[in-house]
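# output the structure for:
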Amino acid sequence: MDGFEKILPKEDIAKLNTVFSGFLLNKIREIAKEFQEHENSAAYGRVRTYFPNLTTELEQMIRDKNLSKVSIFTTNYDGILDTLTTWPRGGFMFSDGFAKSGPLSTLEMVPEYTHGNKLILAHLHGSYKFSKIYGRTYKKRDGFDNEEPVMVFNNPKMKEEIVRNDNVLSEYFDLLGTCLSKYDNLVILGNSMEAEPHIKKLIARNFNRNGTSLTVCSRSPDAIAAEVKPFYSRKIHEETTRGVETEGDLINLFDRLTTI
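As a prediction, this is how the structure comes out:
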C-alpha cells in the first residue's frame, strides 16, 4: 500500500483497501477451514498419539522445578499445542481463559480467570476456533462452523492496533505485558520475531531489566537473537532444535529451557 499511495489518489486507495480486505478475509476463512478439517478428520488426535507422555512430563517438570507460574503465548492459529497439552483422560492442562457460555454455541472469556490461572496458553494472534460475533470475539464449541474467524494475518505494523481493538486478543496482549514485567525467564521458541514489532516493543519496555533471562530457540537461534538484540541489552541464550526428533528429545529440550 505504501507504493500505491505514491501514485494513486486517496479515493482509489480506499477502494483498494476494501478489495484487499475482502481478499484477506477470504484467505483467513480458507486457513481456518483447513484447520477445522484437520480437527474433524481426527488429525490432531493422531498427532497426540506420538506424544503420549508429554503432558504428564510437563506437569512433573513444573512441580519439580517449583515454577510458580507458566504462561505460553503462541502466535500460531492451529490447535496442535492445545492438543499436545491435553490430558489422556481429556481436558486441557493449560487454560485459555474461556470458561462461560456465550451466544450461539460459543464460550466467552473471563479475564479474571485468564490472569489468575497458574498455567495459561494464550493464542496471541487468534485461532481458527475464535469467532467474531456482533463485534466481540468468542470461542466456537466443537462441531460448529466458523464464518468469521479471528486470526491476525496482516501487515506487521498493523498487528498491535488489531490486537488492541479485539476484546480477547487485547486481554492476552495485556497479560503478556504483565508477565514480562513480573517473570524472570522468557523463552522464544520457533518464532523468527521478524514480523512481531509489537512483541519486541513489549520486551524492551517490560523485560529489559536486571535479573531476567532470555532464551531463543529454533533451528537458527542466532537469527532470532539478532532480531531481539536491539530490544534486550543483556545476554541472550541460544538453544537449537536440531536433533530434536522424538518425544524424549522434546521433553529434554523443555527441561533445558526451564533450567537456563
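# show me the residue at the heart of this protein, geometrically.
In the chain, the residue lying closest to the centroid (C-alpha atoms, centre = their mean) is Thr74, at 1.9 Å.
# so what sits opposite it in the bridge?
His123 (DSSP bridges).
# that one reaches His123, doesn't it?
Yes - taking C-beta atoms under 8 Å as the definition, Thr74 is a contact partner of His123 at 5.8 Å. Placement of C-beta: from N, CA and C, glycine included.
# and Pro149, how many neighbours does it have?
Pro149 has 25 neighbouring residues, counting by other C-beta atoms under 10 Å.
# now it: phi and psi?
Pro149 adopts backbone torsions of phi -60, psi 150, taken as degrees, to the nearest 10.
# is it true that Glu239 touches Asn252?
No - proximity of Glu239 to Asn252 does not meet the contact threshold set by C-beta under 8 Å, at 11.0 Å.
# quick one: which of those two has more around it?
Per other C-beta under 10 Å, whichever of Glu239 and Asn252 has more neighbours is Glu239, with 17 against 13.
# that one - that's part of a strand, no?
Yes - secondary structure of Glu239 (DSSP: H, G, I helix; E, B strand; the rest coil): part of a strand.
# residues contacting it?
Contact analysis of Glu239 by C-beta atoms under 8 Å, 6 or more residues apart in numbering lists 215-217, 221, 253, 256-257, 260.
# show me the contacts for Asp166.
So Asp166 contacts 126, 137, 150 (C-beta under 8 Å, 6+ apart).
# at 7 Å what do you get?
By C-beta atoms under 7 Å, 6 or more residues apart in numbering, the residues touching Asp166 are 137, 150.
# any idea of the pLDDT on it?
pLDDT, Asp166: 97.
# using CSV, write down the CA coordinates of the helix or strand hosting Ala226.
Ala226 belongs to helix 221-228 when elements are defined using DSSP states H and E. C-alpha atoms of helix 221-228 as CSV (Å, rounded to 0.1, in the frame of the first residue of the first chain):
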residue,chain,number,x,y,z
PRO,A,221,18.6,-19.4,17.1
ASP,A,222,21.2,-16.8,16.1
ALA,A,223,18.7,-15.3,13.6
ILE,A,224,16.1,-14.8,16.4
ALA,A,225,18.8,-13.4,18.7
ALA,A,226,19.7,-10.8,16.0
GLU,A,227,16.1,-9.7,15.8
VAL,A,228,15.7,-9.3,19.5
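# and Pro230, that one's in a strand?
No - read with three-state DSSP, Pro230 is helix and lies in no strand.
# how near is it to Met193?
Noted for Pro230: a distance of 11 Å to Met193, by C-beta to C-beta, to the nearest Å.
# could you do Glu5 as well?
Per C-beta to C-beta, Glu5 is found 27 Å from Met193.
# mind checking which of those two has more residues around it?
Neighbour totals were compared for Glu5 and Met193, and Met193 leads with 20 against 12 (other C-beta under 10 Å).
# may I have the secondary structure class of that one?
Quick answer, by three-state DSSP: Met193 is coil.
# so it makes contact with Val228?
Yes - if you go by C-beta atoms under 7 Å, Met193 and Val228 touch, sitting 5.8 Å apart.
# what's the overlap in contacts for those two?
Common neighbours of Met193 and Val228 (C-beta under 7 Å, 6+ apart) are Lys200.
# report the buried members of the contacts of Glu239.
Among the contacts of Glu239, those buried by neighbour count (16 or more other C-beta atoms under 10 Å) are 215-217, 221, 253.
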